[in-house]
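Asker: Here is my input; please provide its structure:
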Amino acid sequence: MSILLNTFLATAGSTAADDIVEKITMSKPELLTVAIAIGLILAAAFIVHLVLGLLLRHISKLQKGHLRWGGIAASALQRPLATGVWAIAALMLIDEGLSVGLYFSKDNADFVSIANTIHNDVLPVARSLIIVLVGTLFVVCFLKGCMRELEDRLAKQGGDITAVQGLGGIAVAIVWVLGILTALDSVGVNTTAIVAVLGLSSAGLAFAAKDLLGNFFGGIMLLFNRPFEVGDWVQIDKVSGSIERIGLYATLVRGGDKRLIWIPNMKFTASVVENPSRRTHRRFDETVGLRYDDLAKAPAIMDELQLLLDGCEHFDQDQAHRVRFGGYGDSTVDINLLAFSSETGTNEFSALRQKLMLQVASIIQNHGADFAFPTITVDGGCEGP
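Answerer: Next comes the predicted model:
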């Protein structure tokens, strides 16, 4: 209350201020009425906030039941409604303060003019802006709640949440644009002229914001072409990691060391992107080296290794799977093993590879052979006198 009075006193001027102070001192009943009105406004705002907040929180629990969409709407309405209630209460307090100022400053023409302008022109526009803000915030929060619900459903079903995130981001952006245009229209700005000006200057804006537009349309292309999805492991240039989120401007990648990497979408359209997560098989390609002393045992070892690959249920027998002589190394007789596993997961394939390599070692040792290690043989001797 004191802040409002001080504001109006400063506006009214020093001479009128003395008169107002005298009138305030002589007019306690009127001040009591004003104080009661202010108290009622604050109490009503608090009660409405509390009651509606409790009601909406109760309804929002329906998100776990069959009426989950109603619960999402109630949850989305909590913050905008609280903002609207207290914003309207603030406007009512300002209006009450203007009434107080007009009561004590009837003879101050300047203050009366300012107060009437605020009452007749500013406050109605402010109410319209509050309504637009509350409506826009509600729609945005509702869309985000729907996105979270759909993402949770798809995650449980093993579905793709990439399209939900991308289309949801576009919808939120459109809602904010419409909200801003509506707010401008409510304050008397000609939005048609703004749209026309933007249309005429689109070429200049496109040139000035080519990177922004490039990343935006790059995000659109990622959503429709679908080179990867959230959760896929990708590699682009020297960056590799798991896709965490695909936005309209950039894509978030979580690296192998758990760092969060922010990559502009335009980068994906101008570079080669590898998506190992979508491979149908993993290549098992290993080379073992026998000693030269075990060269005669190599054919029997190779035959048994071939049986090992043929009998492994984790290998696709329609793909190439063979054991071949690899050549003569510096210290080894090389044998190559090639097959394609249907286990595409990194952990599963690593476990399979470990098991097979131990079996390979067992087969070699069962034939009385062993792995080679680098050796150097020096031929020659010393001739004495």
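Asker: and the gap between the residue nearest to residue 127 when sequence neighbours are not counted and residue 45?
Answerer: In this structure, residue 127 finds its nearest non-sequential neighbour in residue 91, 6.3 Å apart by Cβ to Cβ, 6 or more residues apart in numbering. Where you see a C-beta, it was placed from the backbone N, CA and C, and this is true even at glycine. Look at residue 91 and residue 45: by Cβ to Cβ, to the nearest Å, they are 11 Å apart.
Asker: which strands and helices sit next to the helix or strand residue 358 falls within?
Answerer: Using DSSP states H and E, residue 358 maps to helix 346-366. Applying 3 or more Cβ pairs under 8 Å, 6 or more residues apart in numbering; DSSP states H and E, one finds that helix 346-366 contacts strand 282-290, helix 298-310, strand 333-341.
Asker: Out of the ones you listed, which one sits most buried?
Answerer: Most buried of the helices and strands packed on helix 346-366, by mean neighbour count (mean count of other Cβ atoms under 10 Å): strand 333-341, with a mean of 20.
Asker: same question for that strand, mean pLDDT?
Answerer: Averaged over strand 333-341, pLDDT sits at 92.
Asker: Pull the distance from the helix or strand hosting the residue nearest to residue 127 to the chain's centre.
Answerer: According to DSSP H and E, residue 91 maps onto helix 68-104. Once both centres are worked out by Cα atoms, centre = their mean, to the nearest Å, helix 68-104 turns out to sit 31 Å from its chain's centre.
Asker: Packing partners of it?
Answerer: Counting contacts by 3+ Cβ pairs under 8 Å, 6+ apart, helix 68-104 packs against helix 2-12, helix 14-26, helix 28-60, helix 109-117, helix 123-157.
Asker: Okay, buried residues for that helix please.
Answerer: For helix 68-104, burial by neighbour count (16 or more other Cβ atoms under 10 Å) applies to 68, 71-78, 80-82, 84-89, 91-94, 96-98, 100-102, 104.
Asker: now the most centrally placed residue in the chain, what's its secondary structure?
Answerer: The residue lying closest to the centre of the chain (Cα atoms, centre = their mean) is residue 245, at 5.1 Å. Classification of residue 245 by DSSP: H, G, I helix; E, B strand; the rest coil places it in strand.
Asker: residues touching the spatially closest residue to residue 92 that is not a sequence neighbour, list them.
Answerer: Using Cβ to Cβ, 6+ apart and skipping the chain neighbours, the partner closest in space to residue 92 is residue 41 (5.0 Å). By Cβ atoms under 8 Å, 6 or more residues apart in numbering, residue 41 lies in contact with 89, 92, 93, 96.
Asker: burial of residue 366, as a residue count?
Answerer: Residue 366 has 10 neighbouring residues, counting by other Cβ atoms under 10 Å.
Asker: Run through who's touching stretch 122-133.
Answerer: Counting by Cβ under 8 Å, 6+ apart, 80, 83-84, 87-88, 91, 94-95, 179, 182-183, 186-188 sit against stretch 122-133.
Asker: so how far is that stretch from its chain's centroid?
Answerer: Worked out by Cα atoms, centre = their mean, stretch 122-133 lies 31 Å from the chain centre.
Asker: buried set for it?
Answerer: For stretch 122-133, by 16+ other Cβ under 10 Å, it's 123, 126, 129, 130, 131, 132, 133.
Asker: need those in a markdown table with distance to residue 219 and pLDDT, can you?
Answerer: Below are the buried residues of stretch 122-133 laid out as a markdown table (distance: Cβ to Cβ, whole Å; pLDDT from 0 to 100):
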| residue | distance to residue 219 | pLDDT |
| --- | --- | --- |
| 123 | 42 | 77 |
| 126 | 36 | 81 |
| 129 | 31 | 83 |
| 130 | 33 | 84 |
| 131 | 32 | 84 |
| 132 | 28 | 84 |
| 133 | 27 | 85 |
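Asker: Can you tell me which of those is nearest residue 145?
Answerer: residue 133 (18.3 Å; Cβ to Cβ).
Asker: Distance of that closest one relative to residue 79?
Answerer: Going from residue 133 to residue 79 by Cβ to Cβ gives 11 Å.
Asker: quick one: low-confidence ranges for the chain?
Answerer: Scanning the chain for pLDDT under 70 picks out 1-35, 58-69, 100, 102-107, 154-166, 190-217, 220, 223-224, 375-385.
Asker: Could you chop it up by domain?
Answerer: 2-164, 201-277, 279-366 (automatic domain parsing).
Asker: wait, which of the ones you listed is closest to residue 175?
Answerer: By Cβ to Cβ (comparing all of the domains of the chain), the closest turns out to be domain 2-164, at 5.0 Å.
Asker: Go ahead and confirm residue 288 touches residue 337.
Answerer: Yes - counting by Cβ atoms under 8 Å, residue 337 is a contact partner of residue 288 at 7.3 Å.
Asker: Find the residues that touch each one of those two.
Answerer: residue 360.
Asker: Next, work out how far apart residue 319 and residue 312 are.
Answerer: In terms of Cβ to Cβ, residue 319 sits 12 Å off from residue 312.
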